[in-house]
Structures are given as C-alpha cells and as structure tokens.
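[1] when you get a sec, could you give me coordinates for this:
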Amino acid sequence: GGMAGFKVPGWVLPVLLGCILALWNFHPLLVTRAVEAVYDLLTSAPVKELENQVHSLLEKMGVPRPYPDTIDCAFVGVGMVLSFSMYWLIIRNWRRRSRKTLEDHLDKVLSKVELLQEELERLNREELLASSGKGEVRIFMEGAFDLMHYGHMNAFRLGRSLGTYLIVGVNSSDSITESKGFPPVMSDEERCSAVRGCRFVDQVVERTPYVMSPEYLDMIVEKYNVDYVVHGNDPCLVDGKDVYAEVKRRGKFKYIPRTEGVSTTDFVGRMLLCTSGHHDYEQPDDGGALHKSTEKLMSRGRSISRVSSEKAFTYHPSSRFNTKMSA
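    Here you go, the predicted structure:
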C-alpha cells in the first residue's frame, strides 16, 4: 500500500513533453511570458535575500567561492529533469526491450530442452520395449501423496517415462499413522482420487502399506505383472534392510530423482505458520529448519510426505517440460 507500489505510466512523460513543445510552437509569447515570470521570481528581493543567507552559511562553513546563484540552481534543476526524462524515455525502454529479448530467448531454449526431454523419454521407452520383448513395460511406484503438488506430478512423469504403463500404490492412512505417529491430512479416498486424476497414472492400487515387506512387494510384482519398481534416489530401509533388495537383485528396480524445493512438509509448515497461533513459533530462516519445525508442529495431528535430502532434479516454474510428457 501507499506510495511504495505507485508507478508512473510510461506514456505520461512523453505526453507531457509533447504538450510543452506544442505550446511553445503554437503560443511562443505565452511561453516567453512564463519564462520571464520565472526569471523575475528568481531575481526577486526575497529570493536574493535567501541566496545571500545561503552564501553566508557556505562562507562560514569554509566553502571556497564562487557560490552558485538562483539562476545557476534553476539551470541545474532543469538539467536534472531533462536527464531523468531522457533516462525514462530511452534507457528504461531499452532495458525493457533487452529483458523481453532475454525472456524470449529463454523460452526458446526451454522449448528446445522440452523437445530433447521428450525425445530422450521416447528413446528410453523404445529401448525398454525392445529389451522386454513385449508390447508394454509396466512400472510400479508408491507413496503417501498427501496434499498433491507438482513434486508428485513430476515423480509420476519420470516414472511413466521409464515405461508405457504406470501403476501407483497409495499408502493407507492407518499404515502412515502407525509409522509416523500422526495421520495424513487427506483421507485415503481423497489421495487416491487425486492420484487417479493425474494423466501420467494408468492404474491406482489403494491402501498399500507405508512400509512394504519383501513378500508384499513380490505379490505386487506378480499380481500386476510389473516389469520395474521405481523409487526415489533416497534409501528405503526397514530394520536395517533395504525394502527393494529383492527387486534390485532381479534387475527390476529403477531410481528417479526427487524434485528439489517442494515437499508436503514445507507446505503444511507454511499453513501452520499462517494460523492465529503462529506467533508462538519463531519462523525459520532456512528450509532445513522449517522442515524440522514443521515435523514438530505436525506431530499434533498433521502429516508429511516422505522426501529425500538428495539433490538431483531442480524444478523451475518456467520449465514447461517438468510437467509435460509425449504420448
């Protein structure tokens, strides 16, 4: 609010200067009289008295002569106004055009990256199909997927790019509560519906356990004819053992990078810090502190998604290929 957000439209100065020039051209006598009036004002007795007082002050301060008079100051002021006007009309517009050129170039580069990404995904699918010797490659991945966000969508996109048919298991609320100590924000039905609505997902397996045993994973592979099980590049250990050890031994496991800069934990943390009681907590300065603070707050009945601290894939809002995949 206030003057901080006030912006002068770009057409104001050109129109103002145009009016002054038109007035000078069609009514030169009026302009001359205005200039003479300003000159009379600057050379009037009160202004001269003020000028003498300023000169006396400069002399007491030890400033060497000569001192500027009011006419000199007026010329400096006019020069500053003209300089600012030239900056506004020329340099500022030049910077705008330069920024627009860079933005257009960035869009073209991102479009090329998108095409290369799609081509790479197509080659990966063709390679997988050729190696499998059948018409489709079925991928399985699982998670809580609470408060669906673009990190989840990117995981689905990456998982789908590794095959032709994506099966997603959605962890049950009971198993999440048992493992984490608090339930998810969304119900089983809500989370399953959100996952099912993603265009990268072909099939949803409801109420999978948050911690999958090797036996359960074997059942999933056999029942749904899964070619590859996909998971993030963070370790998934239960009682010191890798949950995916058996599918890794069979050569049926593939990693995908997690999307940096987004997690359900941080989203819930932001919401909690915006409640009426947020003054009871000190807002963290960095993401790691926010993550820890949020987990503490959410132990009262909130939920988080499993995320990894590994850095691999960074999401950029202007990168359209992050959420797009060729058919």
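[2] P66 should be in a helix, yeah?
    No. Assessed with DSSP: H, G, I helix; E, B strand; the rest coil, P66 is coil; it does not lie in a helix.
[3] could I get the phi/psi values of it?
    Per-residue torsions, P66: phi -80, psi 160 (degrees, to the nearest 10).
[4] for stretch 246-257, give me every contacting residue.
    Here stretch 246-257 makes contact (Cβ atoms under 8 Å, 6 or more residues apart in numbering) with 139, 141, 155, 158-159, 162, 214, 217-218, 221, 226-233, 242, 244, 310, 312-313. C-beta here means a position set from N, CA and C on the backbone, and glycine is covered the same way.
[5] stretch 259-275: how far from the chain's middle?
    On the basis of Cα atoms, centre = their mean, to the nearest Å, stretch 259-275 sits 14 Å off its chain's mean C-alpha point.
[6] scratch that, stretch 169-182 is what I was asking about
    30 Å.
[7] list the buried residues in that stretch.
    G169, V170, N171, S172, S173, S175, I176, K180, F182 (16 or more other Cβ atoms under 10 Å).
[8] among these, which pair sits farthest apart?
    G169 and F182 (20.7 Å; Cβ to Cβ).
[9] which strand or helix spans V31?
    helix 28-42 (DSSP states H and E).
[10] which strands or helices does the one helix or strand S193 maps to pack on?
    For S193, the host element (DSSP H and E) is helix 188-196. Here helix 188-196 touches strand 165-171, strand 203-208, going by 3 or more Cβ pairs under 8 Å, 6 or more residues apart in numbering; DSSP states H and E.
[11] contacts for that helix next, please.
    Applying Cβ under 8 Å, 6+ apart, the set of residues contacting helix 188-196 is 144-146, 148, 152, 156, 168, 170, 172-173, 184, 186, 201, 204, 206-207.
[12] report the angle between it and strand 203-208.
    Here the directions of helix 188-196 and strand 203-208 differ by 150 degrees (axes from the mean of the first three to the mean of the last three Cα atoms, to 10 degrees).
[13] what about H231, which SS state?
    strand.
[14] so it makes contact with A155?
    No. If you go by Cβ atoms under 8 Å, H231 and A155 don't touch, sitting 9.5 Å apart.
[15] overlap in contacts of those two?
    M141, I256.
[16] what's the spacing between stretch 215-222 and its chain's center?
    That offset, for stretch 215-222, works out to 38 Å (Cα atoms, centre = their mean).
[17] what does stretch 105-121 give?
    Worked out by Cα atoms, centre = their mean, stretch 105-121 lies 19 Å from the chain centre.
[18] same question for stretch 236-255.
    34 Å.
[19] mind checking how far the helix holding S193 is from the chain centre?
    25 Å.
[20] circling back to that earlier point, which residue in the buried residues of stretch 169-182 has the weakest pLDDT?
    Within the set of those, pLDDT is lowest for K180 (81).
[21] same question for whatever helix or strand P46 lives in, mean pLDDT?
    Counting by DSSP H and E, the element that carries P46 is helix 45-60. Confidence for helix 45-60, expressed as mean pLDDT, is 89.
[22] packing partners of that helix?
    Using 3+ Cβ pairs under 8 Å, 6+ apart, helix 45-60 sits against helix 70-86.
[23] what's the helix or strand following the helix it packs on packed up against?
    Next in sequence after helix 70-86, counting helices and strands by DSSP H and E, comes helix 92-132. Applying 3+ Cβ pairs under 8 Å, 6+ apart, one finds that helix 92-132 contacts helix 150-161.
[24] list the helices and strands the helix it packs on packs on?
    helix 92-132, strand 138-143, strand 165-171, strand 228-232, strand 253-256, strand 259-260.
[25] let me see the contact set for F140.
    Contacts of F140 (Cβ under 8 Å, 6+ apart): I167, V168, G169, I220, V221, Y224, V226, Y228, V229, V230.
[26] so how far is R95 from S85?
    16 Å (Cβ to Cβ, to the nearest Å).
[27] scratch that, S187
    Distance from S187 to R95, by Cβ to Cβ: 51 Å.
[28] low pLDDT regions in this structure?
    1-13, 132-134, 238-239, 275-327 (pLDDT under 70).
[29] the nearest residue to S161 once chain neighbours are set aside: neighbour count?
    Distances taken as Cβ to Cβ, 6 or more residues apart in numbering place E121 nearest to S161, at 4.1 Å, with adjacent residues excluded. By other Cβ atoms under 10 Å, the residues close to E121 number 18.
[30] before we move on, what about the one 5 residues further on?
    E126 has 10 neighbours, counted by other Cβ under 10 Å.
[31] mind listing the helices for the stretch 201-327 of the chain?
    214-223, 245-249, 264-273, 287-298 (DSSP state H, counting those that start in this stretch).
[32] just checking, D202 touches F156?
    No. D202 is not in contact with F156 according to Cβ under 8 Å; the separation is 10.1 Å.
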